[in-house]
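Asker: can you look at this prediction? I've put the sequence above it.
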Amino acid sequence: MTTLFTRIINREIPGRFIWEDDLCVAFLTIAPLSDGHTLVVPREEVDHWIGVDPALFSHCMGVAQHVGAAIDRSFSPARVVQLIAGFEVPHLHLHVLGAASEADISFSKADPTVLAETLDANAQELRNALIEAGFGDRVPDC
């Protein structure tokens, strides 16, 4: 069965993409823990991170690092963190987000009420930061 993330990747469901290449994409979550909370998702449907091909995982981690640097430049959080949980959608995804403490990374604090305009502005801010960092060829036109 096709996952929700595959449907987003295939543009069947809208997404706020900030990165796109042949192996993975990155888009903002609709229920962020902080400004710029992004998911890095391989195009290949892999359920659990321990089952992913190491080369693909390495690529996704590299993209997460670039996204994390963009979050740092754009929103200046105390820390940029990366999490892998995988309970919500059975498709590997790396959460990349800013946080001030471990208390800030509890998914119970996810906010599904963030305005679309705020998410759009955060996505554009991250696209701009990635372009400035030299990754314009990976930033989709939105």
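Answerer: On my side now, so go ahead.
Asker: list phi and psi for R7.
Answerer: With angles defined as degrees, to the nearest 10, R7 sits at phi -70, psi -40.
Asker: so the nearest residue to it once chain neighbours are set aside is in which element?
Answerer: Leaving aside its sequence neighbours, R7 sits nearest to I13 (Cβ to Cβ, 6 or more residues apart in numbering; 4.7 Å). In short, each C-beta sits where N, CA and C put it, glycine included. Assigned by DSSP states H and E, I13 belongs to neither a helix nor a strand.
Asker: count the residues that sit near I13.
Answerer: The local packing of I13 (other Cβ atoms under 10 Å) involves 11 other residues.
Asker: tell me which residues touch G68, please.
Answerer: 80, 82, 96 (Cβ atoms under 8 Å, 6 or more residues apart in numbering).
Asker: which of those residues has the most neighbours?
Answerer: For these, neighbours were counted by other Cβ under 10 Å; the highest total belongs to V96, with 26 neighbours.
Asker: identify those among the contacts of G68 that sit within strands.
Answerer: Counted as lying in strands by DSSP state E, out of those, are 80, 82, 96.
Asker: out of those, the closest to W19 would be?
Answerer: V96 (10.4 Å; Cβ to Cβ).
Asker: list phi and psi for M61.
Answerer: The phi and psi values for M61, taken as degrees, to the nearest 10, are phi -60, psi -40.
Asker: look up how far A69 lies from the residue nearest to it when sequence neighbours are not counted.
Answerer: Leaving aside its sequence neighbours, M61 sits nearest to L94 (Cβ to Cβ, 6+ apart; 7.2 Å). L94 is 14 Å from A69, where distance means Cβ to Cβ, to the nearest Å.
Asker: higher neighbour count, the two?
Answerer: Just comparing L94 and A69: by other Cβ under 10 Å the higher neighbour count belongs to L94, 24 against 16.
Asker: surely the more buried one meets G86?
Answerer: No. If you go by Cβ atoms under 8 Å, L94 and G86 don't touch, sitting 9.8 Å apart.
Asker: A123: which element?
Answerer: In this structure, A123 is located in helix 116-132 according to DSSP H and E.
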